[in-house]
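Colleague: here is my input; please provide its structure:
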Amino acid sequence: MISRHSFQLATLLGCLLPATLSAHPDKVEDRLLMHFATGTHGVEGGTWQDLTHRVTAKIQGAPITTNIGPAQAMRFNGADDWLLVAADKAGAKDILPKREFTVAAWVLLDETRNDGGIAGFIQDNGNAEKGWVLGYDKRSFAFTLC
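Modeller: Got it, this is the predicted structure:
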């Protein structure tokens with residue numbers, strides 16, 4: 001997945017992103033770069049706006065909204081579904097972290113594989129790797145910084 005698209009921001013694969021308690025940007029941190037949560041802004045015209053109102057992701061594939069117990073979630077199939085916030089580095093420059101940063105996601109993986117990505121901005125061109133990705137392998141979650 002990551003190798004098919006040189007740069008992806010907020011890539012979500014094979015995971016569920018549950019709703020959070022924050023419902024509007026006045027309820028989130030002022031330095032937050034982006035925050036996507038189900039049950040807040042709905043998907044419209046193939047796009048999904050985040051809670052900061054600064055970022056709109058283009059939905060790739062056909063992820064579905066579902067319920068996990070009392071929470072609502074977005075279900076991605078792990079192959080063809082993801083969110084694309086920026087197609088390239090120029091389009092992402094205003095929303096990329098400039099210094100230290102934190103990335104977090106609530107996910108439920110139905111199955112794992114090597115080199116799965118949850119969220120990131122990465123260039124994966126053989127030995128020319130740059131960026132970061134929150135992901136997983138067969139046994140555990142991982143954070144990679146190149």
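
Colleague: from here on, just use CA atoms for contacts and neighbour counts.
Modeller: Fine.

Colleague: measure stretch 44-63 end to end?
Modeller: For stretch 44-63, the first-to-last residue distance is 13 Å (CA to CA, to the nearest Å).

Colleague: got the buried residues for that stretch?
Modeller: Buried residues in stretch 44-63, counted by 16 or more other CA atoms under 10 Å: Thr47, Trp48, Gln49, Asp50, Leu51, Thr52, Val55, Thr56, Ala57, Lys58, Ile59, Pro63.

Colleague: now swap in stretch 66-81 and tell me
Modeller: Applying 16+ other CA under 10 Å to stretch 66-81 flags Gln72, Ala73, Met74, Arg75, Phe76, Asn77, Gly78, Asp81 as buried.

Colleague: may I ask which two of those are separated the most?
Modeller: Gln72 and Gly78 (18.4 Å; CA to CA).

Colleague: just to revisit the earlier point, including secondary structure and pLDDT, could the buried residues of stretch 44-63 go into a markdown table?
Modeller: Shown next, in a markdown table, are those (DSSP: H, G, I helix; E, B strand; the rest coil; pLDDT from 0 to 100):
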| residue | secondary structure | pLDDT |
| --- | --- | --- |
| Thr47 | strand | 93 |
| Trp48 | strand | 92 |
| Gln49 | strand | 91 |
| Asp50 | coil | 89 |
| Leu51 | coil | 86 |
| Thr52 | coil | 86 |
| Val55 | coil | 90 |
| Thr56 | strand | 92 |
| Ala57 | strand | 94 |
| Lys58 | strand | 95 |
| Ile59 | strand | 93 |
| Pro63 | coil | 91 |
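
Colleague: closest one of these to Thr40?
Modeller: For the buried residues of stretch 44-63, the nearest to Thr40 is Leu51 (7.7 Å; CA to CA).

Colleague: against Met34, how distant is that closest one?
Modeller: Counting by CA to CA, the gap from Leu51 to Met34 is 7 Å.

Colleague: same check, this time on Phe121
Modeller: 13 Å.

Colleague: between the two, which one's more packed in?
Modeller: Phe121 (24 against 21; other CA atoms under 10 Å).
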